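[1] can you look at this prediction? I've put the sequence above it.
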Amino acid sequence: MDTLTRMRAFIDVVEAEGFSAAARKIGRSKALLSKYVRELEDELGALLLNRTTRQFSLTEAGHTYYQRASEILREVESLQETVRESSSDIKGRIKISASRSFADADIGQCLIDFCAEQPDIILDVRLDDRFVDLVEEGFDLAIRITRMQDSSLIAKRLAPFRVIACGTRELIERVGKPERPEQLSSLPCIVDTNNRSRNTWHFQKENGPPISVQLSGPLEINSPLATRRAALAGLGFTLLPDFIAQPDIESGRLVAVLEEFVMHDAGIYAVYPHRRYLPAKVRVLVDYLTKWFKDNRRV
């Protein structure tokens, strides 16, 4: 049995967090996976996993081996797919990180549409509002809604993105419409705690100085969709991603405020590790998302 096979078995067990779960996931027996991992440990002369009937964890050596082995296998798979990419046989699994707000919004349809068009590719989408470490956690791609900073990652801009400050007409009639960001400090606001600055909102008029506003309100919650519902209930002003707020703005359910102070330099990006060989299946997905957003987003 070759080392790569044992290495794949070890990674499958780690990512499934157990032998039984890995066996169900990849369609091999638990005994066979246990045999492969034991042989790998014998080959290395090191214990990689602590395993009892109730506990499963990586040893220090196992953690180090998992990180490097994952990178090696991705390079091997990337090289194989690069050699084969001239054929039309695009298949395999793509592990993707995305935020819950992205997947739950209308633009999350792009992933469903891709699956319908590419039935031989499996999208393994992990929804998490934190920024995952793509290399360390073994992701092929992340979809991020942000202002991109210097990074060792490669980022493909899919669409522009901005936030919208808004509230209901009833709220504006009751407390007044803010004309300057500083006025929000004395008005009820709903805070999406996914925002890194939480209770501090940042604004900037074109060519003007940045403005930071400390605010408070009746609700703080880590969900843009729940924030939207609270805004529609008239609890306060809020900041919403444009792809969530726009339908309510167009229907009149919400009213945009402070539009000239909201920054517009963010975007929706497909982000992937800087590797020599980009797998053909990932390239197909990035190309599809680029076209999807061009066809479906109003710029």
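    Sure thing, it's come through.
[2] nearest spatial neighbour of the residue nearest to the spatial centre of the chain, skipping sequence neighbours?
    Centrality entry for the chain: nearest residue to the mean C-alpha point is residue 98, 1.9 Å, by C-alpha atoms, centre = their mean. Leaving aside its chain neighbours, residue 98 sits nearest to residue 143 (4.4 Å; criterion: C-beta to C-beta, 6 or more residues apart in numbering). (C-beta placed from N, C-alpha, C; glycine too.)
[3] ditto for residue 39
    Leaving out its chain neighbours, the residue that sits closest to residue 39 by C-beta to C-beta, 6+ apart is residue 6, at 5.6 Å.
[4] any idea which element that neighbour lies in?
    If you go by DSSP states H and E, residue 6 is part of helix 3-16.
[5] quick one: list the elements packing against that helix.
    Where contact means 3 or more C-beta pairs under 8 Å, 6 or more residues apart in numbering; DSSP states H and E, helix 3-16 is packed against helix 19-26, helix 30-44, helix 60-84.
[6] so can I have a markdown table of those helices showing mean pLDDT and distance to residue 209?
    Listed next are the helices and strands packed on helix 3-16 as a markdown table, based on pLDDT from 0 to 100; distance: least, C-beta to C-beta, whole Å:
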| stretch | mean pLDDT | distance to residue 209 |
| --- | --- | --- |
| helix 19-26 | 87 | 53 |
| helix 30-44 | 90 | 58 |
| helix 60-84 | 82 | 43 |
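[7] which stretch among the ones you listed comes nearest residue 232?
    Closest approach to residue 232 among the helices and strands packed on helix 3-16 is made by helix 19-26 (40.5 Å; C-beta to C-beta).
[8] so residue 95 lies in a helix, does it not?
    No. If the criterion is DSSP: H, G, I helix; E, B strand; the rest coil, then residue 95 is strand and not within a helix.
[9] wait, it touches residue 138, no?
    Yes. Contact criterion C-beta atoms under 8 Å: residue 95 and residue 138 qualify, at 6.3 Å.
[10] that's all I had, so thanks and see you.
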